[in-house]
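Enquirer: I would like the atomic coordinates for the input below:
(2 chains)
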Amino acid sequence: MSAKRSLLTGAHFLNGDFACAEGAIAAGCRFFAGYPITPATEIAEHLSERMPEFGGIYIQMEDEIASMAAIIGASYAGLKSMTATSGPGFSLMQENIGLAVMTETPCVVVDIMRGGPSTGQPTLPGQQDVMQAKWGSHGDYEIIALAPCSVQEMFSLTVEAFNLSEIYRVPVLLLGDEIVAHMYEKVVIPPPDKLRIVNRKKPHVPSKDYQPFMPEEDFVPPMATFGEGYRFHATGLTHDEHGYPKTQSSEVQTRLVRRLCDKIRKNVDKIVKVEEILTEDADVIVVSYGIVARSALSAVRKARAVGIKAGFLRPITLWPFPEKHVAKAAAQAKAIVVPEMNCGQLVREVERAAKNTPVAFLSKLGEDPHTPAEIFEAIRRGI
Amino acid sequence: MVQEIVAHPLSKYLREEMMPHIWCAGCGNGIVLNCFVHALDELKADLDKLVVVSGIGCIGRTAGYTNTASFHTTHGRSIAFATGVKLANPELDVVIVSGDGDLFAIGGNHFIHAARRNIGIKVICANNFNYGMTGGQLGPTTPLEALTTTSPYGNSEHPFNLVHLAAAAGASYVARWTTLHVRRLTQSIKRLMQKEGFCFIEVVSPCPEIFGRRNKMRSGLEMMGWFRKASVVENFSDPAKADITPDRIVVGEFVDIEKMSYEKLFHEKIAQINEKTMEKMS
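Expert: Numbers count the residues shown, from 1 in each chain, chains lettered A, B, ... in the order given. Just a heads-up that it's a prediction; the model follows:
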């Protein structure tokens, strides 16, 4: 084993894109297809160097549509696969994200959010793709999206994204933003034996008995790999458990689409992660994710220092939305504050979960996220 | 006398449970599939190492009909999907069977880049001059003045010459046949399967129900009659001059060159990188 062919175990000073790329390597990703786009390009650059060291593949495709299609192909050929992009590329990927949902393809899509719509502000941060992450492809489906707030989490949540995609056979989205992608922080990369790495379930029956879309108790079917003797079919059309098209059957459509939703909905407690600080007795709770959560936590601590009972709730999983956690926190709070770098996206989910507790939305666009002082002011107004 | 019912000799290549197929009477897609499985049979192909990929359209159902690992992608993206498969496992034979609209309109960009990279994907395109599945709209190969549901006054767009496009983009093997040329097409598919790099065969294919009947060729037989009358075999002639007109359909092999495939170049590079790191270590 060569020296370079190992994880960078230890403490490092890295930027978020670099940490994300190392997280992918650590998770066992051996196929990356992408297209250059600010502010996600460094992920591709780093993986073009690192992948071959691990015998993995880096390919620069002709566009993001092709990148998304290629990682689905690589996943069916047995490799853990990933692409990385930003808003415009994320838009182009949506149709094939739907294909990955429909064909239950484990893969990871990193979207480093910048200011939109359209070309927008390529070098500035945003949180404007949150709803697109949930609803971007046509048709009904459930998906998993994680939101890192630090360079350390760009590493650890990339690993987690791969694990979730392998467990649930679903594309998992990592919704970073330009700041977590480009800033440098201390990152601790654990030794390989301290990392939890999960691999997809394989079929335990011979090819003739294999039904590629027959779920087990967790709603997830075991996945065969091309070339291992399983001659199975997969299609974006509505299909039965054999993978064969059933485009005229209401029954098959209902059974399939409900299961695609249920494998996330009914496993929501296993999937959802939040960080809660000082919420138990809080009068005002700030619900915040991504880079903005750093300011939010600072504001909550400042409020506590002046005697305001403030609390902090950070959805790490944006989708499925941590509805139960927000509802529970909201039930005993007088007000909720939601700062976002958009015109109001996750706040709608917070409002739905908070029921009668008033929710104040704090919108910010452009170069800088909310300052702690701005969020502190909102907390003060809340009580 | 009771006749013993025996399985069709080629049935092992097909998913009989998917039959009957969806194709119209007189359609050429069945001939393309027939030539494909005959080629597999003659090559004694290892079906466990074969992946058949299709896009959207009538011929896109081929992936579902072949008894191999198979994938039916989104419209136009079969080549991009297949690129991931081939790179992830170069041991696999990856064959795309799809249509002219799928591969050259919505998927045109992927086609030229796959040919440029010379990735070892094998593409068989049934060219029926229109979008059959959606009811006969004009496409990138519809001849000038042809009538379709979206060119009711005659088509004003110049069509692609697919073999010229493939050759110019860098393909290692390029051929064109019609569904009339079943033996030559079968031999050509065998060549395509055995060659390194990006390989392409265009099969000019009748679509009497949707295209022919609007263009004075009401039956499959009439369309095949056109192919018989107009086809000229001009092997290794200039693909730029390989026209498809009412009077002349130039068929044959146009390109058959040796060129390192992308996957071989890339995997050699990986081996070199690992060797260097090993040297440093020792």
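
Enquirer: residues from the stretch 101-250 of chain A in reach of chain B?
Expert: Residues of the stretch 101-250 of chain A lying close to chain B (C-beta under 8 Å from any C-beta of the partner chain) are A:103, A:226-237, A:242, A:244-245. For glycine as for every other residue, the C-beta is placed from the backbone atoms N, C-alpha and C.

Enquirer: residues touching the residue of the stretch 101-250 of chain A found nearest chain B, list them.
Expert: Relative to chain B, the nearest point of the stretch 101-250 of chain A is A:Thr235 (3.6 Å; C-beta to the nearest C-beta). Counting by C-beta atoms under 8 Å, 6 or more residues apart in numbering or on different chains, A:Thr235 makes contact with A:Met102, A:Thr103, A:Gly243, A:Tyr244, A:Pro245, B:Ala63, B:Gly64, B:Phe71, B:His72.

Enquirer: now swap in B:Leu14 and tell me
Expert: By C-beta under 8 Å, 6+ apart, the contact set of B:Leu14 is B:Val37, B:Tyr65, B:Thr66, B:Asn67.

Enquirer: cutoff 10 Å now
Expert: Residues near B:Leu14 by C-beta atoms under 10 Å, 6 or more residues apart in numbering or on different chains: B:His8, B:His21, B:Leu33, B:Val37, B:Tyr65, B:Thr66, B:Asn67, B:Thr68.

Enquirer: do A:Glu216 as well
Expert: A:Glu216 makes contact with A:Lys201, A:His204, A:Pro222, according to C-beta under 10 Å, 6+ apart.

Enquirer: Tell me the buried residues within those.
Expert: Buried subset of these (neighbour count, 16 or more other C-beta atoms under 10 Å in any protein chain shown): A:Pro222.

Enquirer: distance of A:Ile291 from B:Tyr262?
Expert: According to C-beta to C-beta, to the nearest Å, A:Ile291 and B:Tyr262 sit 39 Å apart.

Enquirer: Compare neighbour counts for the two and give me the winner.
Expert: A:Ile291 (27 against 22; other C-beta atoms under 10 Å in any protein chain shown).

Enquirer: so, in contact with chain A or not, the helix or strand encompassing B:Met278?
Expert: Assigned by DSSP states H and E, B:Met278 belongs to helix B:262-281. Yes: Helix B:262-281 reaches chain A (C-beta under 10 Å from any C-beta of the partner chain) through B:262-263, B:266-267, B:269-281.

Enquirer: Just list what that helix packs against, helices and strands only.
Expert: Helix B:262-281 sits against helix A:41-53, strand A:57-60, helix B:78-88, helix B:108-117, with contacts defined as 3 or more C-beta pairs under 10 Å, 6 or more residues apart in numbering or on different chains; DSSP states H and E.

Enquirer: Helices of the chain, start to end?
Expert: The chain I'm using is chain A. Applying DSSP state H to chain A gives helices spanning A:16-27, A:41-53, A:64-76, A:87-102, A:130-135, A:151-168, A:178-182, A:250-265, A:268-271, A:292-305, A:323-331, A:346-354, A:372-382.

Enquirer: Switch to chain B, please.
Expert: Under the criterion DSSP H, chain B contains helices at B:29-43, B:62-65, B:78-88, B:100-101, B:108-117, B:162-169, B:182-194, B:220-230, B:262-281.

Enquirer: Look up how far A:Val172 lies from A:Cys20.
Expert: Remark: distance between A:Cys20 and A:Val172 (C-beta to C-beta) = 13 Å.

Enquirer: So between these two, which is more surrounded?
Expert: Neighbours were counted for A:Cys20 and for A:Val172 using other C-beta under 10 Å; A:Cys20 has more, 33 against 29.

Enquirer: Wait, that one touches A:His182, no?
Expert: No: look at A:Cys20 against A:His182 with C-beta atoms under 10 Å: they stay out of range, at 11.4 Å.

Enquirer: who touches both of the two?
Expert: A:Glu42, A:Ile112, A:Val151, A:Gly176.

Enquirer: show me what contacts A:Thr279?
Expert: A:Thr279 sits next to A:285-287, A:300, A:309-313, A:325, A:328-330, A:332-333 when contact means C-beta under 10 Å, 6+ apart.

Enquirer: what about 7 Å?
Expert: A:Ile285, A:Gly311, A:Phe312, A:Leu313, A:Ala329 (C-beta atoms under 7 Å, 6 or more residues apart in numbering or on different chains).

Enquirer: What is the neighbour count of the residue in the stretch 101-250 of chain B that chain A sits nearest to?
Expert: Here the stretch 101-250 of chain B gets closest to chain A at one residue, B:His113, 4.2 Å apart by C-beta to the nearest C-beta. Counted with other C-beta under 10 Å, residues neighbouring B:His113 total 20.

Enquirer: Please name the residues that touch the residue of chain A found nearest chain B.
Expert: Closest residue of chain A to chain B, C-beta to the nearest C-beta: A:Gly73 (2.8 Å). The neighbourhood of A:Gly73, defined by C-beta under 7 Å, 6+ apart, consists of B:Phe81, B:Ala82, B:Thr83, B:Gly84, B:Val85.

Enquirer: again, only this time at 6 Å
Expert: For A:Gly73, the contact set (C-beta atoms under 6 Å, 6 or more residues apart in numbering or on different chains) comprises B:Phe81, B:Gly84, B:Val85.

Enquirer: Make a markdown table out of those residues and add neighbour count and pLDDT.
Expert: Below are the contacts of A:Gly73 laid out as a markdown table (neighbours: other C-beta atoms under 10 Å in any protein chain shown; pLDDT from 0 to 100):
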| residue | neighbour count | pLDDT |
| --- | --- | --- |
| B:Phe81 | 33 | 98 |
| B:Gly84 | 30 | 98 |
| B:Val85 | 27 | 98 |
